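Trainee: I would like the atomic coordinates for the input below:
(chains A and B)
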Amino acid sequence: MSFYFAIVGTKDNPIYEAEFGTSKQGGDGVARFREEQRSMNQFIVHSSLDIVEEVQWATPTMYMKCVDKFNNLLVSCFLTAGNIKFLLLHDQKADDAIRQFFTDVYDLYTKTLMNPFYEVDMRITSGVFDGKVKQAAKKYL
Amino acid sequence: MQRGDSLSSPFVPFSPNPSIQQGTPTSTPPLKHTLSSSTSSNLRYSSSRKSIYDRHLNRSQRSELSKASFAFLFGEMVQYAQKRVNGIADLEKKLNLHGYSIGQRLLELLLWREGRSAKRETRILGILQFITTTVYRSIFNKPADGLEKSRDNEDEYMLIDNDPMVNSYISVPKEMSQLNCAAFVAGIIEAVLDGCLFPGRVTAHSVPTEQLPAKTVFLIKFDESVIERESVLG
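Mentor: Model prediction:
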């Protein structure tokens, strides 16, 4: 099971992306996407932004479970207070685990935002952030 | 403490990899405070290896700031802005910008602190209530004094504060009587609205009355798109 995770800002600009595989049940945590598939990941995730924008006005919740389906891939979304979208591309349903993962990343994103030198919509390049996201992925996905 | 022959000779082979040490049957503990050359970064790490990601976000929730230190800082902020602008409107704009970056962070922090039951606001009334109670309470420890909808314009709302705390130690000279330094708080409000996708302008106006000489009204004017969307949502 492989995942592609992206954080998209308020102007539809990518802020952060990561790929990982499942670490449960013998998975080794490395993403296994076919080469052609890899370049499609970004497109699929960004095309689901339209749907997120529609759905966000219908519901006041932050975690919107699965917003889009493409072939056999699902896109789940978590919307933060400041309209930053966390999008996860995955191939099997795992609502609870994904929700916990999103909550962890939300915590990390808020801490990044507390940095007075970090403006909204800036790219996140911190190695520590990267490490912690991968740690959270290992824990929940 | 005997740890093997390598320590008795004056030439100890230094290597960050402890397993290369000769003659030490016990493994040396890994070196904690040196960076290996593979992480070639110009960043300096604090010696305790803690980053901002290790602080808990609720740590500052119950802490309070002394009014005096804030008053000093705010006074300096106003003076700093005043030197760099010409005109009252520009000064208010600069103060608005200062408050804007605070508002962006406050929005995310407050919603994060609500925990699992956090709800994003999708309606105008909802977001205004959120600002009047939650945001105001977290900054000033009391909710705002009033929220009104303008009768003349569909897109204008007014948030009333009888005595804005930021103005308590600012004295405005007579020739600048139009200036209201609560433009800073207006910036905070504007950022919270923008973050929740309710774009608009927020300005601070002083409306002194007999009992409340420092009464301030924040005029919130939403963009057209917000009103349209609000009517579509029903």
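Trainee: can you pull the pLDDT of residue 28?
Mentor: Reading this off chain A. On the pLDDT scale, residue A:28 is placed at 63.
Trainee: the intended chain is chain B.
Mentor: pLDDT at residue B:28 comes out at 47.
Trainee: quick one: residue B:203 is in a strand?
Mentor: Yes - the assignment for residue B:203 is a strand, going by DSSP: H, G, I helix; E, B strand; the rest coil.
Trainee: residues making contact with the helix or strand of chain A with the lowest mean pLDDT?
Mentor: Among the helical and strand segments of chain A, the one scoring lowest on mean pLDDT, DSSP states H and E is helix A:35-47, with a mean of 81. If you take CB atoms under 8 Å, 6 or more residues apart in numbering or on different chains as the criterion, helix A:35-47 is touched by A:4, A:6, A:8, A:12, A:14, A:17, A:19, A:33, A:68, A:70, A:73, A:75, A:87, A:89. All C-beta atoms are positioned from the backbone trio N, CA, C, and that covers glycine.
Trainee: how about it: buried residues?
Mentor: Neighbour-count burial for helix A:35-47 flags A:40-41, A:44-45 (criterion: 16 or more other CB atoms under 10 Å in any protein chain shown).
Trainee: strand partners (parallel or antiparallel) of the helix or strand containing residue B:148?
Mentor: Assessed by DSSP states H and E, residue B:148 sits inside strand B:146-149. Sheet pairing for strand B:146-149, assigned by DSSP bridges, gives strand B:156-161 (antiparallel).
Trainee: check whether the helix or strand just after the strand it pairs with contacts chain A.
Mentor: Using DSSP H and E, the helix or strand that directly follows strand B:156-161 along the chain is helix B:183-195. Yes - counting by CB under 8 Å from any CB of the partner chain, chain A is contacted by helix B:183-195 at residue B:195.
Trainee: now do helix B:183-195 against strand B:156-161, angle only.
Mentor: 130 degrees (axes from the mean of the first three to the mean of the last three CA atoms, to 10 degrees).
Trainee: contacting residues for residue B:99?
Mentor: Contact partners of residue B:99, counting by CB under 8 Å, 6+ apart, are B:183-191.
Trainee: hey, where'd the helices end up in chain B?
Mentor: Taking DSSP state H as the test, the helices found in chain B are B:67-83, B:88-113, B:124-130, B:136-140, B:183-195, B:224-233.
Trainee: tell me which of the ones you listed sits most buried.
Mentor: Mean neighbour count (mean count of other CB atoms under 10 Å in any protein chain shown) peaks for helix B:183-195 among the helices of chain B, with a mean of 26.
Trainee: same question for it, mean pLDDT?
Mentor: Per-residue scores along helix B:183-195 average to 93.
Trainee: what stretches of chain B score poorly on pLDDT?
Mentor: Screening chain B residue by residue with the criterion pLDDT under 70, one finds the ranges B:1-46.
Trainee: flag every residue of chain A that's near chain B.
Mentor: For chain A, the contact set with chain B under CB under 8 Å from any CB comprises A:56-57, A:59-62, A:79-83, A:103, A:106-116, A:119-120, A:126-129, A:132.
Trainee: go again with 6 Å.
Mentor: Residues of chain A found near chain B (CB under 6 Å from any CB of the partner chain) are A:57, A:60, A:62, A:81-83, A:110-111, A:113, A:120, A:128, A:132.
Trainee: quick revisit: which members of the contacts of helix A:35-47 are classed as buried?
Mentor: Buried by 16+ other CB under 10 Å: A:4, A:6, A:8, A:19, A:33, A:68, A:73, A:75, A:87, A:89, out of the contacts of helix A:35-47.
Trainee: got the CA positions of the helix or strand the last one falls within in CSV?
Mentor: Same thing as residue A:89. For residue A:89, the element it lies in under DSSP H and E is strand A:85-90. What follows is strand A:85-90, C-alpha atoms only, in CSV (Å, rounded to 0.1, in the frame of the first residue of the first chain):
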residue,chain,number,x,y,z
LYS,A,85,-5.5,21.4,2.3
PHE,A,86,-3.9,18.1,3.3
LEU,A,87,-4.4,15.6,0.6
LEU,A,88,-3.6,11.9,0.7
LEU,A,89,-3.7,9.6,-2.2
HIS,A,90,-4.2,6.0,-1.3
